[in-house]
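Undergrad: Give me a 3D structure for the following:
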Amino acid sequence: MGLASVHIIGGDTVAKTSGYAQALAVSTASSKLFALRAFNKGADCYLQMFNRATAPVSTTTVPDMCLKLIGDLYTGEEFNDGMLFTTGIYVAASSTAAVFTTLGSNDILMQASYRLFP
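TA: Here you go, the predicted structure:
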C-alpha cells in the first residue's frame, strides 16, 4: 500500500516526500501535527520530530519526539488533539535516538497531516 492511499484525519494540510528521502519540512510556522506516517525500505532507524522551521544539525540537535522505524515496515502515529510545534515542524530520519544523526541513504517515505496554529 502506498502512502498516497492512506487517509489521514485531523489536519487540513498534508505534507509528504516526493519519493524516498531522509527528511520532510512539514511547516515553517506554528502548527499542530495530527498524524505522521512512514515507510522505511532500509535498515532500522529513528523518525525524529523537531520544533524547528529548518533542518536539524547532525550530532547536535535533540529531537522533541522520536519513533523507532523498523526496516521494510510501514508505521504511523496519530495525535488526536494535535501536537503543538510553536516554531515549525521538521521530521528527519536518524541513525540514533537521542540526537539527530544523518542517515547514509534516502530510505524513508513520509506523510504528515497538520494544521497551522494561530
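
Undergrad: hey, let's count contacts and neighbours off CA atoms from now on
TA: Will do.

Undergrad: Quickly note the distance from the closest residue to residue 16 other than its chain neighbours to residue 47.
TA: Once flanking residues are discounted, residue 16 sits nearest to residue 111: 4.2 Å by CA to CA, 6 or more residues apart in numbering. For residue 111, the distance to residue 47 (CA to CA, to the nearest Å) stands at 12 Å.

Undergrad: Who has more neighbours out of these two?
TA: residue 47 (27 against 23; other CA atoms under 10 Å).

Undergrad: Would you mind measuring from that one to residue 58?
TA: In terms of CA to CA, residue 47 sits 14 Å off from residue 58.

Undergrad: Kindly report the same for residue 24.
TA: Distance from residue 24 to residue 58, by CA to CA: 15 Å.

Undergrad: These two: who's more crowded?
TA: residue 24 (22 against 13).

Undergrad: Spit out the contact partners of the more buried one.
TA: 15-17, 90-92, 110 (CA atoms under 8 Å, 6 or more residues apart in numbering).

Undergrad: again, only this time at 6 Å
TA: Going by CA atoms under 6 Å, 6 or more residues apart in numbering, residue 24 touches residue 91.

Undergrad: and it, what helix or strand is that in?
TA: strand 23-27 (DSSP states H and E).
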